[in-house]
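> Build me a model from this:
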Amino acid sequence: MMRIVHLTDLHFGLHRADLVEPLQAAILENRPDLVVVSGDLTQRARSGQFRAAMDFLRGLGIALMLIPGNHDLPLFNPFARLLNPFGAYRRGAAREMTPVMQVGRVRLFGVNTADPLQWRGGVARSDEIARICASLRAGPQDTFNILVSHHPFEEPPGFERGETRNGLEATQQLTEAGLHVVLSGHLHHWNIGLGVSAQASRPLLHIQTGTALCSRIGERDHGFCVLEVEPATLRATRWLVAEDRAQFVPEAPALFGYEKGLWHKFA
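Model (predicted):
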């Protein structure tokens, strides 16, 4: 079994400082093989914010996979945003913005959906999707394939804003190429399964994780997701903050099975 912690939308610079240590403790309690961070490490892509985010993440002492989000591009420096939009991210977080990792029989593909020509919205770039599809088709056929994206490729009910240009087309291409799971953030909203239930099956499992630390007014359900991946099954557990204790605690897990090209949820 492989255990992955999915973090997203840390927003260092506009984060809840009171939750940083409890978040670290809860992640370490799970003893994951890998921590995946699907963008928005910072609030405004400033060097100090990247430094705080990476001090936290590297302090975990666990293998990391990072991709940028829309907040990891400069907002108040239009020249940098247009001429070198990912320079601050590369200097402060990671050189590679579309990482590929394999741990055991699990392969993870990072996609960069951040778009300097939009404020909130993202884009599924055709060259990135084509490269991932080619790797999926060429790679071992007994692996479990996960895409890590900041923007959701398919938006959950109530969030149909069309914020990921080419997202639905890319979803179809990736599914046909052999993708199994998409991890995403951006919405600060939870949705595990996106239509997969005991009664309804789908070929692709979407796991939308809420913000870990953002302190904007109205934010709630701060947390992270723990994925336990085994052959043909995936267990997803939300760890949410208990405000009365300032600790992250697990909810009952959701268990999904994959059979004959379709995901279903165990009741």
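
> residues contacting the spatially closest residue to Asn166 that is not a sequence neighbour?
Taking CB to CB, 6 or more residues apart in numbering, and ignoring the residues beside it in sequence, Asn166 has Ala124 as its nearest neighbour in space, at 4.2 Å. All C-beta spots, glycine's among them, are computed from the backbone N, C-alpha and C. Contacts of Ala124 were listed using CB atoms under 8 Å, 6 or more residues apart in numbering, and they are Val111, Thr113, Ser149, Phe153, Thr164, Arg165, Asn166, Gly167, Glu169, Ala170.

> Now for the second one, how many residues are close by?
Residues within reach of Thr113, counting by other CB atoms under 10 Å, total 29.

> Which pLDDT value does the model give the residue nearest to it when sequence neighbours are not counted?
Nearest-residue entry for Thr113: Gly122, 3.5 Å, with adjacent residues in sequence omitted and distances by CB to CB, 6+ apart. Among the per-residue scores, Gly122 holds a pLDDT of 98.

> any chance you could read off phi and psi for Val182?
Comment: the main-chain dihedrals of Val182 come out as phi -120, psi 130, following degrees, to the nearest 10.

> isn't it right up against Leu205?
Yes - Val182 sits in contact with Leu205 when judged by CB atoms under 8 Å, with a separation of 7.4 Å.

> all helices for the stretch 151-267 of the chain, in order.
In the stretch 151-267 of the chain, helices defined by DSSP state H, counting those that start in this stretch lie at 167-177, listed in chain order.

> rewinding a little: and the residue nearest to Asn166, how far is that from Leu168?
In this view, Ala124 and Leu168 are 9 Å apart by CB to CB, to the nearest Å.

> Name the residues contacting each of these two.
When contacts are counted by CB under 8 Å, 6+ apart, Ala124 and Leu168 are jointly contacted by Phe153.

> wait, Leu213 sits on His11?
Yes - in this structure Leu213 lies within contact range of His11 using CB under 8 Å: 6.1 Å.

> For the residue lying farthest from the centre of the chain, what are phi and psi?
In the chain, the residue that sits farthest from the middle, by CA atoms, centre = their mean, is Phe79; the gap is 28.2 Å. Backbone geometry at Phe79, expressed as degrees, to the nearest 10, gives phi -70, psi -50.

> contacting residues around it?
Phe79 touches nothing, counting by CB under 8 Å, 6+ apart.

> do the same with Leu194
Contact analysis of Leu194 by CB under 8 Å, 6+ apart lists Glu154, Pro156, Arg202, Leu205, His206, Gln208.

> can I get those in TSV with pLDDT?
Putting those into TSV (pLDDT from 0 to 100) gives the following:
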residue	pLDDT
Glu154	96
Pro156	95
Arg202	98
Leu205	98
His206	98
Gln208	98
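
> Out of the residues you listed, which comes closest to Gln43?
Gln208 (20.6 Å; CB to CB).

> what's the spacing between the closest residue to the closest one other than its chain neighbours and Leu19?
In space, Gln208 comes closest to Asn191 once its chain neighbours are excluded; the distance is 4.1 Å by CB to CB, 6+ apart. Note on Asn191: its distance to Leu19, by CB to CB, is 22 Å.

> is the nearest residue to Gly193 once chain neighbours are set aside in a bridge, and if so with what?
The shortest distance from Gly193 to any residue that is not its chain neighbour, by CB to CB, 6+ apart, is 6.0 Å, and that residue is Lys265. Beta-bridge partners recorded for Lys265 (DSSP bridges): Phe256.

> Then Leu240?
Taking DSSP bridges as the rule, Leu240 bridges to Gly223, Val249.

> Run a quick neighbour tally on it.
Applying other CB under 10 Å, we find 18 other residues in the vicinity of Leu240.

> how close does it sit to Gln118?
30 Å.

> Repeat that for Pro253.
35 Å.

> Over to Gly61?
Applying CB to CB, one obtains 36 Å for the distance of Gly61 from Gln118.

> higher neighbour count, those two?
Of the pair Gly61 and Gln118, Gln118 is the one with more neighbours under other CB under 10 Å, namely 14 against 9.
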